[in-house]
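Participant: with the sequence up front, the predicted model follows.
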Amino acid sequence: MNWIETAISFGFWCSVFGVVYAYLGYPIVIYICSRLFGKTPIAPTIVEDKPPRVTLLIAAYNEEAVIEERIQNALKLNYPRDYLDIVIASDGSDDATAEICRRYANQVRLFDYRERRGKSATLNATMAQLDTDIVVFSDANTSMDADAIRHLTRWFADPKVGAVCGRLVLTDPETGNNVDSVYWRYETFLKRCEARLDGLLGANGAIYAIRRDLFVPLPAGTLVDDFVAPLLAKMRSKCRIVYDVEARAFEESAPDLHGEYRRRARIGTGGFQAIGILWPLLGPSYGWTAFTFWSHKILRWACPCFMIGALLFSALLVNHNLYRGLLVAQCVFYALCVLGSVGTTNRAMKLLRVFTMFASMNLALLIGFIRWIGQNQDGLWSRTARAKDPCV
């Protein structure tokens, strides 16, 4: 090899290392570190006599198909009613969402914003009007365990805790059964490890809680509020973000791969956007949070570029047997990903869907990156299609 080919070879192996570390190496490293240097957070005992005052805040846009069921679920929560406010913030809904909420006017507080401004603006406007100690954020298509809020709020007895992330369980829209995928279990495993090191990143919009006085207004157009809001609180106060697996919420999985792809592309755009907001957390003064941010997020989001780089670099070295074989192997892998997108009950084909999911997730990240570079994304949310929608 001449020096140019050596440089190309170096680029190839760096690209391969980036992908392998992001998806395989990091889980191993974070698990080992969590066992050597971390500890399992211990929740304070729930105090029965005077719990903190809580607002359950549900942002909604055109949720007439699910909002009544969501309200009924909220009303059944096992939390003293004198200490729990249920708030629905409608972001310019033009269906029957607000009308349905008004049927529960004695039990639910409605903020009916007539102009659609986006979720971050809706949350900012609503948070400015709340006065409770704790705010629990959730989605309109979510249901929560009866004790979920009690599990979330118990952590705030520790003044160092600023935000608490609950556990989201995905269910099949037809049967209601738990369909936590391999990838979702993988992400839950990472959350557990990161929580042991006090390096948890953000939360899940379906179920998380934050101290109201630590909430920092979200920058205009923020797409991934559940990721940004807890970490802004951490930047503001160096507070802890904890993960409670007992505080459970349930959501239906996307009814098809296309719906999941659209959701991930939006999250990808929001992730790159969030770097410009949260970049101070990448500094060494934030310890394990900086490490998890770099490894779990930055390198993960860079994987589409690594994958393209590996393909191009191996193509440039096609005259060498090793790289010719590696190029063929990559082409076969992507062909299998396409094949795995074909719906079938065959067991082998189901296994290929794991490859398809991996490839589609990285394609969505790439599209998200392109949208971010081109500023081709506003702060308005688009609902993921659900089984209860009339057209699904």
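Facilitator: It's in.
Participant: contacts and neighbour counts: CA atoms only from here.
Facilitator: Noted.
Participant: quick one, what contacts residue 49?
Facilitator: Residues in contact with residue 49 (CA atoms under 8 Å, 6 or more residues apart in numbering): none are found.
Participant: using the three-state scheme, assign it.
Facilitator: Put simply, residue 49 is coil when judged by DSSP: H, G, I helix; E, B strand; the rest coil.
Participant: next one: it from residue 79, what distance?
Facilitator: Noted for residue 49: a distance of 12 Å to residue 79, by CA to CA, to the nearest Å.
Participant: tell me where the protein has helices.
Facilitator: 3-20, 26-37, 67-75, 97-102, 119-127, 148-154, 182-196, 225-237, 257-278, 288-292, 299-316, 321-340, 347-373 (DSSP state H).
Participant: next, format those as JSON lines and append mean neighbour count.
Facilitator: Output for the helices of the chain, formatted as JSON lines (neighbours: other CA atoms under 10 Å):
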{"stretch": "helix 3-20", "mean neighbour count": "16"}
{"stretch": "helix 26-37", "mean neighbour count": "16"}
{"stretch": "helix 67-75", "mean neighbour count": "18"}
{"stretch": "helix 97-102", "mean neighbour count": "18"}
{"stretch": "helix 119-127", "mean neighbour count": "20"}
{"stretch": "helix 148-154", "mean neighbour count": "23"}
{"stretch": "helix 182-196", "mean neighbour count": "18"}
{"stretch": "helix 225-237", "mean neighbour count": "21"}
{"stretch": "helix 257-278", "mean neighbour count": "19"}
{"stretch": "helix 288-292", "mean neighbour count": "21"}
{"stretch": "helix 299-316", "mean neighbour count": "20"}
{"stretch": "helix 321-340", "mean neighbour count": "15"}
{"stretch": "helix 347-373", "mean neighbour count": "18"}
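Participant: I'd like those as JSON lines, with distance to residue 87 and mean pLDDT appended.
Facilitator: Below are those laid out as JSON lines (distance: least, CA to CA, whole Å; pLDDT from 0 to 100):
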{"stretch": "helix 3-20", "distance to residue 87": "42", "mean pLDDT": "96"}
{"stretch": "helix 26-37", "distance to residue 87": "38", "mean pLDDT": "97"}
{"stretch": "helix 67-75", "distance to residue 87": "10", "mean pLDDT": "97"}
{"stretch": "helix 97-102", "distance to residue 87": "10", "mean pLDDT": "96"}
{"stretch": "helix 119-127", "distance to residue 87": "9", "mean pLDDT": "96"}
{"stretch": "helix 148-154", "distance to residue 87": "14", "mean pLDDT": "95"}
{"stretch": "helix 182-196", "distance to residue 87": "28", "mean pLDDT": "90"}
{"stretch": "helix 225-237", "distance to residue 87": "17", "mean pLDDT": "95"}
{"stretch": "helix 257-278", "distance to residue 87": "25", "mean pLDDT": "84"}
{"stretch": "helix 288-292", "distance to residue 87": "32", "mean pLDDT": "96"}
{"stretch": "helix 299-316", "distance to residue 87": "34", "mean pLDDT": "96"}
{"stretch": "helix 321-340", "distance to residue 87": "43", "mean pLDDT": "92"}
{"stretch": "helix 347-373", "distance to residue 87": "31", "mean pLDDT": "84"}
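Participant: tabulate those (TSV), appending distance to residue 170.
Facilitator: Formatted as TSV, the helices of the chain follow (distance: least, CA to CA, whole Å):
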stretch	distance to residue 170
helix 3-20	26
helix 26-37	22
helix 67-75	16
helix 97-102	24
helix 119-127	22
helix 148-154	16
helix 182-196	9
helix 225-237	17
helix 257-278	13
helix 288-292	24
helix 299-316	22
helix 321-340	22
helix 347-373	16
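Participant: residue 137 is nearest to which of those?
Facilitator: Closest to residue 137 of the helices of the chain is helix 225-237 (CA to CA; 8.5 Å).
Participant: surely residue 270 meets residue 219?
Facilitator: No - in this structure, residue 270 is not within contact of residue 219 by CA atoms under 8 Å, at 11.8 Å.
Participant: now residue 99: how far from residue 230?
Facilitator: Distance, residue 99 to residue 230, by CA to CA: 32 Å.
Participant: ditto for residue 272
Facilitator: For residue 272 relative to residue 230 (CA to CA), the value is 17 Å.
Participant: again, but for residue 68
Facilitator: Residue 68 is 28 Å from residue 230, by CA to CA.
Participant: show me what contacts residue 239?
Facilitator: Residue 239 neighbours (CA under 8 Å, 6+ apart): 160, 161, 162, 163, 233.
Participant: now the longest strand belonging to the chain: buried residues?
Facilitator: Criterion DSSP state E: the longest strand present in the chain is strand 240-252. With burial defined by 16 or more other CA atoms under 10 Å, the residues of strand 240-252 counted as buried are 240, 241, 242, 243, 244, 245, 247, 248, 249, 250, 251, 252.
Participant: can you report how many residues neighbour the residue nearest to residue 290 when sequence neighbours are not counted?
Facilitator: Counting by CA to CA, 6 or more residues apart in numbering, residue 290 lies nearest to residue 282, which is 4.4 Å off, once chain neighbours are set aside. A count of nearby residues for residue 282, using other CA atoms under 10 Å, gives 18.
Participant: my read: residue 282 touches residue 294, true?
Facilitator: Yes - with contacts counted by CA under 8 Å, residue 282 reaches residue 294, the gap being 6.8 Å.
Participant: and for the residue sitting nearest the centre point of the chain, nearest residue in space, chain neighbours not counted?
Facilitator: The residue lying closest to the centre of the chain (CA atoms, centre = their mean) is residue 204, at 4.9 Å. Nearest residue to residue 204, sequence neighbours excluded (CA to CA, 6+ apart): residue 226, at 5.6 Å.
Participant: identify the residues contacting the one you found.
Facilitator: Residue 226 neighbours (CA under 8 Å, 6+ apart): 202, 203, 204, 205, 208.
Participant: show me which of those is closest to residue 169.
Facilitator: residue 204 (10.9 Å).
Participant: does the closest one really touch residue 163, like I thought?
Facilitator: No - the criterion here is CA under 8 Å, and residue 204 misses it with residue 163 at 11.4 Å.
Participant: report the contact partners of the residue nearest to residue 290.
Facilitator: Residues in contact with residue 282 (CA under 8 Å, 6+ apart) are 289, 290, 291, 293, 294.
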